[in-house]
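Asker: Need coordinates for the following:
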Amino acid sequence: MPATASLAARAAPVAPAAPATLGTPAAPATPATPATPVAPTAPAVLGASGPSRPSRSQSTVHTSPAVPTVRFGLRLFLRATQGEREAGPDAVRLFRERAEQRAREGLPLHVLLGTHLTARHALWSALRRLARPGEEEALLELTQLLLEGQSRDIGITTQAYLEERSRLAADPREQHRELVRALLDGSAPPAPGQAEALGLTRGGQVLAVRPTTGADGQGSPTGAAAVERRRLQHRLQLLLERSVDAGALVLLDDPQGYILLPRPVGSGPDQPTGRPTGLPTDPPADPSTDLPAGLPRLLADACGEELPLSVAGFTDVAGFVQAAGTAREVLRLCLALDRGPGPHRLADVLLEYHLSRPGHSAGALSTLLDPVLAQPELAATVRGYIARQQDRRATAQALGLHPNTVDNRIRRAGELIGTDLTTPRGYALALAAMAARDLGRPPHPDPPRPLKPL
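Answerer: Residues are numbered from 1 along each chain as shown. Down below sits the predicted model:
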């Protein structure tokens, strides 16, 4: 019908923008006559009208990675109203491929479908607003076409998404991740053969990592942040399987994730890992935390940033749970102390690790230096003196002072706290107090739950 095509054509300038902003459509370009709605405008379901703030669900849809696919679907609808074929095999294939991609990225199904539904509701509201008197039949016909297309797109998307999720559930790597989650939260012991398949019984290393990609600082990432985190997880997984070890496993559910590097089959706890990388290894103090020397750089290149990480070794399943907790806490301490990206090991922060444990003396120790730190000149001198391990000349050079000035300030600081900072005991006390203060009183993770016997 000419009226149907005319009404749809007037909505065309609005439709491409509506999915992009999900509820903030641009006004049609200089219509010939003012548009008169045939009924009151539909309620503003997208948070675009009025001063009210969008709800959390609307904000999630605003940032949905599915928006380009939804926009494509609306363009197909508008072309169909002009007599073109609405959806051929290529369009169906695109909807399926995008739904499968969103399933792999972990985008929740309700967010994916909500994006489609919200965008079509926005277009329907625009058609109502633009309809003129006498175009009621045209509006009804367009509504019918819109609902038919919605049914088709939702059906294709849902089927492809669920099929891909079923395939992923059967993926051994996803099964291994579920096992690691259960071990870390203590919900269930591994079934017979699972720990062996994952390589936990051979020992190895577990890395705690904290990428900024997809992190919002509020627990587990959701929405678009979760999709970005899943993409990074997939990218790191492929990188480690190709370049480091086929048995590696990446788990990035929370802001602080894990990388599992089990020992290859046939290598004992005192033998080199023998990973097929060709990367040289630096002899560390603890062989159980031996990593390929190029691994931190590989991870940084894949993340596009220096990746903060720590590493701990384990020899069995129970040791893995303890090592994961140790690596997590070491990384937390190093981030709090601004120690750089790492890799960090327990030996690097052994004193700080001990001081961060709960205890009755923690409060008194962390406030010992308060009289000194209240004076900026003394505070800077004491910090420099501690950081340079009592080297007065190096401290003086770093602060632009005479060595005698450093001596005088260190003596004054000692008088304020009641100890001589130039003696071994006084220096150790000041070092411990400074570390305890820098760490503050952060929340302490619960100790790993004991595993049930296999």
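
Asker: Can you show me the CA trace of stretch 175-183 as PDB?
Answerer: Extracted as PDB, the C-alpha positions of stretch 175-183 are listed here (Å, rounded to 0.1, in the frame of the first residue of the first chain):
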ATOM      1  CA  GLN A 175      34.200 -28.300  32.200                       C
ATOM      2  CA  HIS A 176      37.600 -27.700  33.600                       C
ATOM      3  CA  ARG A 177      36.700 -24.200  34.600                       C
ATOM      4  CA  GLU A 178      33.700 -25.400  36.400                       C
ATOM      5  CA  LEU A 179      35.900 -27.800  38.300                       C
ATOM      6  CA  VAL A 180      38.300 -25.000  39.200                       C
ATOM      7  CA  ARG A 181      35.400 -22.900  40.400                       C
ATOM      8  CA  ALA A 182      34.200 -25.700  42.600                       C
ATOM      9  CA  LEU A 183      37.600 -26.300  44.100                       C
END
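
Asker: Per-residue pLDDT of Pro189, please?
Answerer: For Pro189, the pLDDT comes out at 75.

Asker: quick one: it from Ser6, how far?
Answerer: Per C-beta to C-beta, to the nearest Å, Pro189 is found 68 Å from Ser6. Heads up, the C-betas are built off the backbone N, CA and C, glycines and all.

Asker: Low-confidence regions, this structure specifically.
Answerer: In the predicted model of the chain, residues 1, 14-65, 84-87, 168-170, 192, 213-224, 265-288, 358-363, 440-454 satisfy pLDDT under 70.

Asker: Apply 50 and report the result again.
Answerer: Across the chain, the ranges flagged by pLDDT under 50 are 16-62, 217, 219, 269-285, 441-454.

Asker: And the strands in it?
Answerer: All strands of the chain, identified by DSSP state E, fall at 204-209, 249-251, 257-262, 309-314.

Asker: about what we covered before: which one of Pro189 and Ser6 has more residues nearby?
Answerer: Taking other C-beta atoms under 10 Å, Pro189 and Ser6 do not tie; Pro189 has more neighbours (17 against 14).

Asker: what about that one, distance to Leu260?
Answerer: Distance from Pro189 to Leu260, by C-beta to C-beta: 17 Å.

Asker: Return the distance of Arg129 relative to Leu7.
Answerer: 11 Å.

Asker: Same question for Cys303.
Answerer: 49 Å.

Asker: Then Leu350?
Answerer: 74 Å.

Asker: swap in Leu207?
Answerer: 59 Å.

Asker: More neighbours: which of those two?
Answerer: Taking other C-beta under 10 Å, Leu207 and Leu7 do not tie; Leu207 has more neighbours (27 against 21).

Asker: residues in contact with the residue nearest to the more buried one when sequence neighbours are not counted?
Answerer: Once flanking residues are discounted, Leu207 sits nearest to Ile259: 4.1 Å by C-beta to C-beta, 6 or more residues apart in numbering. If you count contacts by C-beta atoms under 8 Å, 6 or more residues apart in numbering, Ile259 has them with Val206, Leu207, Val209, Leu236, Leu240, Ala248, Leu249, Val250, Leu251, Leu309.

Asker: Who is Ile259 paired with across the strands?
Answerer: On the basis of DSSP bridges, Ile259 is bridged to Leu207, Val250.

Asker: out of the strands of the chain, nearest to Ser166?
Answerer: strand 249-251 (20.9 Å; C-beta to C-beta).

Asker: Show me what the closest one is packed up against.
Answerer: helix 172-185, helix 223-243, strand 257-262 (3 or more C-beta pairs under 8 Å, 6 or more residues apart in numbering; DSSP states H and E).

Asker: Can you pull out the residues in contact with it?
Answerer: So strand 249-251 is contacted by 173, 176-177, 180-181, 198, 233, 236-237, 240, 257-260 (C-beta under 8 Å, 6+ apart).

Asker: how close does the residue nearest to Leu207 get to Val67?
Answerer: 32 Å.

Asker: Tally up the residues packed near Thr4, please.
Answerer: 18.

Asker: is it true that it touches Ala138?
Answerer: Yes - between Thr4 and Ala138 there is a contact under C-beta atoms under 8 Å: 4.3 Å.

Asker: For the stretch 251-400 of the chain, just list every one of the helices.
Answerer: Remark: helices assigned in the stretch 251-400 of the chain by DSSP state H, counting those that start in this stretch are 295-303, 317-336, 350-355, 362-366, 370-373, 376-387, 392-399.

Asker: could I get those helices as TSV with distance to Gln101?
Answerer: Below are the helices of the stretch 251-400 of the chain laid out as TSV (distance: least, C-beta to C-beta, whole Å):
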stretch	distance to Gln101
helix 295-303	19
helix 317-336	30
helix 350-355	42
helix 362-366	49
helix 370-373	53
helix 376-387	49
helix 392-399	52
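
Asker: of the ones you listed, which approaches Thr289 most closely?
Answerer: Nearest to Thr289, of all those, is helix 317-336, at 9.3 Å by C-beta to C-beta.

Asker: Check the gap between the closest residue to Tyr385 other than its chain neighbours and Leu431 for me.
Answerer: Distances taken as C-beta to C-beta, 6+ apart place Thr395 nearest to Tyr385, at 4.9 Å, with adjacent residues excluded. Separation of Thr395 from Leu431 (C-beta to C-beta): 14 Å.

Asker: ok, now Thr81?
Answerer: 75 Å.
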